[in-house]
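**Student:** pasted the sequence and its predicted model underneath.
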Amino acid sequence: MELRGLGVALITPFDERKQIDYPALERMIDHLLAGETDYIVVLGTTGETPALSAQEKNDIRRFVREQVSGRIPLVCGMGSNNTMALVDELQTTDLEGYEAVLSVTPFYNKPSQEGMYRHFSEVARNSPLPVILYNVPGRTGVNLSAKTTLRLANDHTNIIGIKEASGNFKQIEEIIHGKPSTFNVISGDDAITYPLLTLGAIGVISVVGNAFPKEFGKMVRLCLEGNYREALPIHTGFSRLYDELFVDGNPAGVKCLLNAMGLIRNELRLPLVPTRFETNEEIHAILRELRKNL
């Protein structure tokens, strides 16, 4: 599994009845492929996975696999705060066509570092695919420490990387400097991807990449080539958008943006709702500016 470059955390488009909009999903996949996306992450946070039924998740996995048809790698989001249930899901889910799973830290019940180590050890032992850890304490309420991350990386060869969205540069640097060569660090936050790439991260699993895969991917690839000077203006050009995409929550911001671009309807499933009017107006203004400058 090649994790370098731009991975995109794919949204799940809905129609006016709040049902999955498969024509829009096909448009999104074509848009990402045309934008030279390096890989797609299906059924992550940005895909509103908590609001999908088990059957819908199976249908989406199958649809994306068929549409992509092996042209780029696919990663499947599979996480839970119930270790036994997640192990069962890993053992029974059809993951044909997928090359890795992305597994978030257990949420809400706030396990200790030892609890998370044992949770991911069970995931590693039972996953039919390589595992990418996902640390996002702002959503889960618990932080996977550098020490625990490195312990997992050294003890399980099929744990191949971490999507780091803690925003803790000291922690992320510690992982980058202490990791085995077979383990990689991926940015989980668009806004800090540029600095993390300068520190040794190998790419990003991106939200903004849903809308601007070619442009954001260019910034990532320039950084990976060591051309930080040319990459910096692209990064700063997105700075206003980074904030607005998350001010009313994710994926409300990026769905507003994609709707403005004519790719999807601006529909979310409760408890998520569309952005406020003020945010909508700001995103439209930023889009007009980006279209002139990018």
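**Tutor:** Arrived safely. Residues are numbered from 1 along each chain as shown.

**Student:** when you work out contacts or count neighbours from here on, use the C-alpha atoms and nothing else.
**Tutor:** OK.

**Student:** tally up the residues packed near residue 122, please.
**Tutor:** Residues lying near residue 122 (other C-alpha atoms under 10 Å) number 15.

**Student:** do residue 21 as well
**Tutor:** There are 17 residues near residue 21, going by other C-alpha under 10 Å.

**Student:** now the spatially closest residue to it that is not a sequence neighbour. Its backbone dihedrals?
**Tutor:** Of all residues not flanking residue 21 in the chain, residue 14 sits nearest, at 4.7 Å (C-alpha to C-alpha, 6 or more residues apart in numbering). The phi and psi values for residue 14, taken as degrees, to the nearest 10, are phi -120, psi 150.

**Student:** check contacts around residue 14.
**Tutor:** Contacts here follow C-alpha atoms under 8 Å, 6 or more residues apart in numbering; on that basis residue 14 touches 20-21, 264-268.

**Student:** okay, buried residues for the host helix or strand of residue 24 please.
**Tutor:** Assessed by DSSP states H and E, residue 24 sits inside helix 22-34. Using 16 or more other C-alpha atoms under 10 Å as the test for burial, helix 22-34 gives 22, 24-26, 28-29, 31-33.

**Student:** my guess is residue 179 contacts residue 153. True?
**Tutor:** Yes. Using C-alpha atoms under 8 Å, residue 179 is in contact with residue 153, at 7.0 Å.

**Student:** on that earlier part again, got the contacts of residue 14 as TSV, with pLDDT and distance to residue 240 columns?
**Tutor:** Formatted as TSV, those follow (pLDDT from 0 to 100; distance: C-alpha to C-alpha, whole Å):
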residue	pLDDT	distance to residue 240
20	98	30
21	98	29
264	98	22
265	98	23
266	98	21
267	98	23
268	98	23
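
**Student:** what about the strands in the stretch 1-150 of the chain?
**Tutor:** 5-9, 39-42, 74-77, 100-104, 131-135 (DSSP state E, counting those that start in this stretch).
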